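Enquirer: what would the 3D arrangement of this be:
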Amino acid sequence: MDKRYFGTDGIRGRVGQTPITAEFVLKLGWAAGRVLSSKHYDKVLIGKDTRISGYMFESALQAGLSAAGINIALLGPMPTPAIAYLTRTLHACAGIVISASHNPYYDNGIKFFARNGQKLPDERELQIEAMLDEPMETVDPAELGKAERVVDAAGRYIEFCKSTVPPTVDLSNLKIVVDCANGATYHVAPNVFTELGATVIPIHNSPNGLNINLDCGSTKPGILQETVKANDADLGIAFDGDGDRVIMVDHTGEVVDGDELLFIIARDRQLSGNIAGGVVGTLMSNLGLEIALKEIGLELHRAKVGDRYVLECLRTDKLILGGESSGHIICLDKTSTGDGIVSALQVLTALVESNSSLHDLRKSMSKFPQVTVNVPLPTRGMDPGSLEAVQRGVHDTERQLGDMGRVLLRPSGTEPVVRVMVEGVDALRVRNLAQELAGIVRQAVGSS
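Expert: Here you go, the predicted structure:
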C-alpha cells in the first residue's frame, strides 16, 4: 500500500498547511498512541528541535496521546538521535521527534522511533495512517495519560555520546569551532567536546525559534569556514537543525563531506580490526569513496538515497557502518540511528589515534567531480530511463567515461524532476557530459 502522509523521514511540510496543522497532529498523536501502546512499555517520549512551531505541536501531540490513554515524557529541545537513544534507555514504547531537520523554520515534521530506537517499519506507519481514518475516541477520564518532564535528558545524552569513544581519547590538543545551526544541538554538542578536553568555539548556538538553519549549519558552512581560519582552529564541525547530520571543515577552511568522513571512520575501524565486509553508501555516494574503500579491502554497498534505506541495507547485509554524502552517518556499533555528534567523535578518535590532522586524513580519499542537473518532468512518476533516446544517451555517456566514471538517472521522490548525475575524472568534461545528457533527457521527455 502507498502511504498518504509518511515519507522517507516521517511526515513533513509547511506549518499551517495540511498535514502540518495542529488539528492533524492532535489526531496523529491519538492514532500513534492507539497503534504503539504496549502493556509493558506505557509511555511515549516527545522531543523537538528549536523552531517556534514546536511548542504548538508538542502540545497537540501531548493532548492526542493523553486522549488515547498514553503517558508522556517531555524531553524539550533535543537532537533527534538523543530521542532515539532515550527511547531505548527509558524503556518507552515509542519516541516522537518534532523536527524538519535541515529545512527552514517555517517547515516542521513528525517522525517516530520504535522502542528499540530505530525508525518505525513501513507496516507500523501504515497502521497509524489507517487509524487516522477512525473516529477519535477519548478514554475514560481515569485512564487519561499523564505527562512529566525529563529534567536530566541532556545530561544523559551527553554522557552517552562521550561513552562512544575510548576512555584514552583526549581532545585537549584540539581547538574546534562547533556550528550548532541554532538547532537542537545548541546546549549539548559544545558540552560534549568541552568535557572531552577540547577548546570549543561555539557558533550559531542561540536559537530564537526563527533562525534554525538560517545561513548556518551543515548545509551552509560558509561562516564556519571563515571562523575556523580566523581563529586558527584545528577544524570545524557543523550539524543540521536536528543533529543527525554532520559535516566538517579542516584547518584550511575546506569542507569535508559525509563521503570523506565515512571513509575516515571506515579506515580507522579497518586499521583496528573492527570492521569487516564493507560499508553502505547510496547511489549518490562519490565514486572516489568506492575506489578508496576497495584499496583497503572494503566493498561499498549502494542503497537507495535516504538514511532509511542505508539502515535497511546495513541490517540486510549485516554491516555496521554506512552513510550519505550529506553527512548522515550511521555507526551501528555505537548507536541505532544516524547521529551527528557520535559520528564527529568517531572522526576525532581517528585523528587522535593516528596523530594526524583532518586535512591529512581526508587526502586518503580522492573525490571525483560529480555534476547533477535537474530536468523537469511533465508528470510525476514518469521514468525517462525507459525512453529509447535516453537509453542511447546514457550508453554513449558511459562509453565516453569508461571505467572511471558513472551515470545515474534518479527521479525525485518529492518533486516532478529527474536528477541527471554524471561523475568522472575531469571536472570540465563531466560538466559538459552532464549538460549534454540532460539536454537529451529534456528533449525526450518533451516529445514523449
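
Enquirer: who's in contact with the closest residue to Lys334 other than its chain neighbours?
Expert: Counting by C-beta to C-beta, 6 or more residues apart in numbering, Thr164 is the residue found nearest to Lys334 once chain neighbours are left out, at 4.5 Å. Where you see a C-beta, it was placed from the backbone N, CA and C, and this is true even at glycine. Thr164 makes contact with Cys331, Lys334, Thr335, Val342, Leu345, Gln346, according to C-beta atoms under 8 Å, 6 or more residues apart in numbering.

Enquirer: closest one of those residues to Gln391?
Expert: Nearest to Gln391 among the contacts of Thr164: Cys331, at 39.0 Å, using C-beta to C-beta.

Enquirer: gap between that closest one and Ala181?
Expert: Noted for Cys331: a distance of 21 Å to Ala181, by C-beta to C-beta, to the nearest Å.

Enquirer: go on, Glu415?
Expert: 24 Å.

Enquirer: more neighbours, those two?
Expert: Set Glu415 next to Ala181 and count neighbours by other C-beta atoms under 10 Å: Ala181 wins out with 35 against 10.

Enquirer: hmm, Ser206 and that one touching each other?
Expert: No: the pair Ala181 / Ser206 is not scored as a contact, 11.2 Å apart, by C-beta atoms under 8 Å.

Enquirer: shared neighbours, these two?
Expert: With the criterion set as C-beta under 8 Å, 6+ apart, the contacts of Ala181 and Ser206 do not overlap.

Enquirer: the contacts of Thr164 in strands, which ones?
Expert: Mapping these onto strands (DSSP state E) picks out Cys331.

Enquirer: adding neighbour count, write the contacts of Thr164 out as a markdown table.
Expert: As requested, those are exported to a markdown table (neighbours: other C-beta atoms under 10 Å):
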| residue | neighbour count |
| --- | --- |
| Cys331 | 23 |
| Lys334 | 18 |
| Thr335 | 21 |
| Val342 | 27 |
| Leu345 | 26 |
| Gln346 | 23 |
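
Enquirer: for the longest helix anywhere in the chain, packing partners?
Expert: Counting by DSSP state H, the longest helix found in the chain is helix 427-447. Here helix 427-447 touches strand 370-376, helix 388-401, strand 417-423, going by 3 or more C-beta pairs under 8 Å, 6 or more residues apart in numbering; DSSP states H and E.

Enquirer: now, of these, which is deepest in the fold?
Expert: strand 417-423 (a mean of 22; mean count of other C-beta atoms under 10 Å).

Enquirer: what does that strand contact?
Expert: 284, 286-287, 368-377, 382, 384, 397, 401, 405-412, 430, 433-434, 437-438, 441, 445.

Enquirer: same check, this time on stretch 29-45
Expert: Contacts for stretch 29-45 (C-beta under 8 Å, 6+ apart): 60-65, 67-75, 83, 86-87, 90-96, 112, 114-115, 124, 127-129, 131-132, 134, 136, 145, 150.

Enquirer: now stretch 224-231
Expert: 175, 177, 179, 201, 203, 216, 233, 235-236, 238, 249-255.

Enquirer: go with 7 Å
Expert: If you take C-beta atoms under 7 Å, 6 or more residues apart in numbering as the criterion, stretch 224-231 is touched by Lys175, Val177, Asp179, Ile201, Ile203, Leu235, Gly236, Ala238, Val249, His251, Gly253.

Enquirer: are any of those buried, and which?
Expert: Neighbour counting with 16 or more other C-beta atoms under 10 Å marks Lys175, Val177, Asp179, Ile201, Ile203, Leu235, Gly236, Ala238, Val249, His251, Gly253 as buried within the contacts of stretch 224-231.

Enquirer: reformat these as JSON lines; add distance to Thr168.
Expert: Formatted as JSON lines, those follow (distance: C-beta to C-beta, whole Å):
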{"residue": "Lys175", "distance to Thr168": "20"}
{"residue": "Val177", "distance to Thr168": "25"}
{"residue": "Asp179", "distance to Thr168": "27"}
{"residue": "Ile201", "distance to Thr168": "25"}
{"residue": "Ile203", "distance to Thr168": "29"}
{"residue": "Leu235", "distance to Thr168": "20"}
{"residue": "Gly236", "distance to Thr168": "24"}
{"residue": "Ala238", "distance to Thr168": "27"}
{"residue": "Val249", "distance to Thr168": "26"}
{"residue": "His251", "distance to Thr168": "24"}
{"residue": "Gly253", "distance to Thr168": "30"}
